[in-house]
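Trainee: Provided below for reference: sequence and predicted model.
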Amino acid sequence: MLLPADPIGQAVYVFILSIIRYAFFGGIAFFIFYVILKKQKVFTKIQSSWPKSNDYKRELLYSFITFFIFALVPLELNHPAIKPYSKIYRKLNEHSTLYFVMVFPLMLIIHDAYFYFTHRLMHHPKLFKFFHIIHHKSTNPSPWAAFAFNPTEAVIESGIIYVFAFCFPVHFIHIFAFLIFMTAYNVYGHLGFELYPKGFNKHWLGKWINTSVNHNLHHQYFKGNYGLYFTFWDRIMNTLRNDYDARFENVTSGTRQLRQKANVYTD
């Protein structure tokens, strides 16, 4: 993996790579669902309306600001006062193959917990406008909304890399793979369409996996469904929306009947 040795080079690398990931996954998703399939009946849109052009522009603008903030991470991790405490390693043989493989799911589990609790905290009335309001301007999100954050929220979101860097050994490949997966799943979560099949939300495994319908409901109503990859924190903390199963069934059945009824949230 050709990662520059100097901090400035790493910052530029992170910025460019972030844009490439965003453009690749967001661009493919947008082109397929918002251009090619826009007038087709292959998929039912979770919300029947479409975002406006100003929504796309805002999402793109704030995403680029987010990537600039993300690029500051390697500068901080390489600071002389911080670098000695980092557990990021470069040589693959420093740890066993089993450890190397098991770090990937561990990162997702930790990130999901980190995201759930910071996300829920940012919804506190006294914090919402300062941290989270920009992201929630996308009440009907598109793939471009995946990283459209307040700059303050972008700082919080970048914090997961520090958690990884200081809590357990991670290789650059771990971080690279994590960022790829996180970007892809984040774009899916804001897609506006559901890719999982009918009944997935009630499957013994699927019910623990976060879906595009799940996160779309959060954007539409601002309450409940705070998870990222999984639903177990929402289930444990009793914050999974009561209308989730009905909406998932409605969307994946390919019909719009009872949509209004599925939209009603009951505590």
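Mentor: Received it, and whenever you're ready, just let me know what you need. Since we're looking at a predicted model, the values are computed, not measured.
Trainee: from here on, contacts and neighbour counts on C-alpha atoms
Mentor: OK.
Trainee: How are the strands of this protein distributed by residue range?
Mentor: Listed in chain order, the strands of the chain (DSSP state E) span 88-89, 170-171.
Trainee: Pick the most buried one from these.
Mentor: Ranked by mean neighbour count, the strands of the chain are led by strand 170-171 with a mean of 21 (mean count of other C-alpha atoms under 10 Å).
Trainee: who's in contact with it?
Mentor: Defining contact as C-alpha atoms under 8 Å, 6 or more residues apart in numbering, one finds that strand 170-171 is touched by K87, I88, Y89, R90, K91, L92, V103, F164.
Trainee: please redo it, this time with the cut-off set to 7 Å
Mentor: The set of residues that contact strand 170-171 without belonging to it, under C-alpha atoms under 7 Å, 6 or more residues apart in numbering, is K87, I88, Y89, R90, F164.
Trainee: Would you point out the most distant pair within these?
Mentor: R90 and F164 (14.5 Å; C-alpha to C-alpha).
Trainee: of the two, who's got more company?
Mentor: Neighbour count, other C-alpha atoms under 10 Å: between R90 and F164, F164 has more, with 22 against 13.
Trainee: Now do the residue nearest to that one when sequence neighbours are not counted against K87, distance only.
Mentor: The spatially closest residue to F164, leaving aside those adjacent along the chain, is V170, at 6.9 Å (C-alpha to C-alpha, 6 or more residues apart in numbering). Going from V170 to K87 by C-alpha to C-alpha, to the nearest Å gives 6 Å.
Trainee: For the nearest residue to V14 once chain neighbours are set aside, give me phi and psi.
Mentor: Nearest in space to V14, with sequence neighbours left out and distances taken as C-alpha to C-alpha, 6+ apart, is A71 at 5.3 Å. Taking degrees, to the nearest 10, you get phi -70, psi -20 for the backbone angles of A71.
Trainee: Would you mind writing the CA trace of stretch 225-232 as CSV?
Mentor: What follows is the C-alpha trace of stretch 225-232 in CSV, where atoms were taken according to Å, rounded to 0.1, in the frame of the first residue of the first chain:
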residue,chain,number,x,y,z
ASN,A,225,-33.2,4.4,14.4
TYR,A,226,-29.8,5.8,15.4
GLY,A,227,-27.6,2.9,14.4
LEU,A,228,-25.3,2.6,11.5
TYR,A,229,-24.5,-1.0,10.5
PHE,A,230,-26.7,-2.9,13.0
THR,A,231,-29.9,-2.5,14.8
PHE,A,232,-29.0,-4.1,18.1
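Trainee: can you give me the offset of it from its chain's centre?
Mentor: In terms of C-alpha atoms, centre = their mean, to the nearest Å, the centre of stretch 225-232 is found 10 Å from the chain centre.
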